Each structure stands twice: as structure tokens, then as C-alpha cells.
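>>> Model the following, please.
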Amino acid sequence: MSWSKDAGEGAGLTFRPAVAADVPELVALVESAYRGEASRAGWTTEADLLDGRRTDADGVAEAIEHPHGLVLVAERAGELLACCQLERRGASAYFGMFSVRPTLQGGGLGRAVLEHAEHVAREQWGAEELEMTVIEQRADLIAWYERRGFHRTGIYQPFPYGDERFGIPRRPDLRFEKLVKQL
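Just a heads-up that it's a prediction; the model follows:
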């Protein structure tokens, strides 16, 4: 199943569920959007907060194979440009692993991907809200989500210090905040 977007900021985009063969390219995309020097070309970098990896092949494969979820891939002319994870959780859908190629950030591509993810969650799954967690210290990213209708909940989760699958923290006060958007 694939979807096309013909107008607006996402013009020419094709959306499809990721498959196992996409794992290496998805890992590279997610890493480039958040970690290391390459991530500094965009505005979503976490390089000042975390070192190490953002994800790995096992984590991406698990998200692709999740029985109640999918990883959406956004392509233009067959080139993978962005992705996100959706997971059904009762009346809610979890939104995560949102990544846009750093050199394309700030041009509306992320907004188009988010809108498509909301559409899938609402229209295909019947979700009433979209939820996510964001590192609290990412004020610029939280503000971006707030401009798109998400609300801060004041519900926090500790950062998993000591578990390098989530990165190597560069500061001792990291935690996640839950954001929610009514669909």
C-alpha cells in the first residue's frame, strides 16, 4: 500500500510502509537526523545532548515488524527522504522515530510527513489522539510540535541512563515529556 501527495509542501511525495530491506537506509537516516556532525546540517540534532547511536538495525526492524504498528517512509522519485513510526495503543497512536534528511529540514517536508501520519492514525486506525515523548531540553522541537497542535502534558519519563541503545548523555538532567495531540 502506498499513498501519494500531489499538492502543497509535500508535492511529489510518496508514502509507503517500510519493509525489512529498508532497515539499513532507515538507520542511516535516523542517525543523520539526530546524531553526529551530519545532524548539525539540520535543526533536529541532539548532538549537544547525546553522543552514541540513536537507533540500530534491530530497533528499526522491530518497529517495522510490530504487529500493531508500522514505519512510514516518505520518498520522492524513489529517494528515501523521511520516516516515522506509528504504533496503535488503544484509542491513541504513538508517533516516534520521526526523521527528515538534515539538508531538507525546514522546508515543510516534516510537516507533510506528520500530517500524513495523523491521517493514517485517525482514518485507518480510528485513533483519537497522537502521543509522543520528546527530550524536555529540546525546547525548539517542543515548540515546533506545539505549533502543530500538540500539548505538553507535564508527564515525564526518566532518560534511560546507562542504556547506550538510547545514546550516551552529555548531561545529567535529561528526561522525556509526553506530548499529545487530539485527532
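>>> Check the gap between residue 139 and residue 121 for me.
Remark: distance between residue 139 and residue 121 (C-beta to C-beta, to the nearest Å) = 25 Å. For glycine as for every other residue, the C-beta is placed from the backbone atoms N, C-alpha and C.
>>> For the two, work out which one has more neighbours and name it.
residue 121 (24 against 10; other C-beta atoms under 10 Å).
>>> Surely that one is within a strand?
No. Residue 121 sits outside any strand when classified using DSSP: H, G, I helix; E, B strand; the rest coil, being helix.
>>> Got the confidence number for it?
Listed pLDDT for residue 121 reads 97.
>>> ok, it - contacts?
By C-beta atoms under 8 Å, 6 or more residues apart in numbering, residue 121 lies in contact with 86, 93, 95, 127, 130, 183.
>>> This protein: strands as residue ranges?
Assigned by DSSP state E, the chain shows strands spanning 3-5, 13-17, 50-51, 69-76, 79-89, 92-100, 129-135, 151-158, 168-169, 175-182.
>>> Present those strands as CSV; the columns should include mean pLDDT.
Formatted as CSV, those follow (pLDDT from 0 to 100):
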stretch, mean pLDDT
strand 3-5, 53
strand 13-17, 96
strand 50-51, 90
strand 69-76, 97
strand 79-89, 97
strand 92-100, 97
strand 129-135, 97
strand 151-158, 97
strand 168-169, 93
strand 175-182, 97
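>>> Lovely, talk soon.
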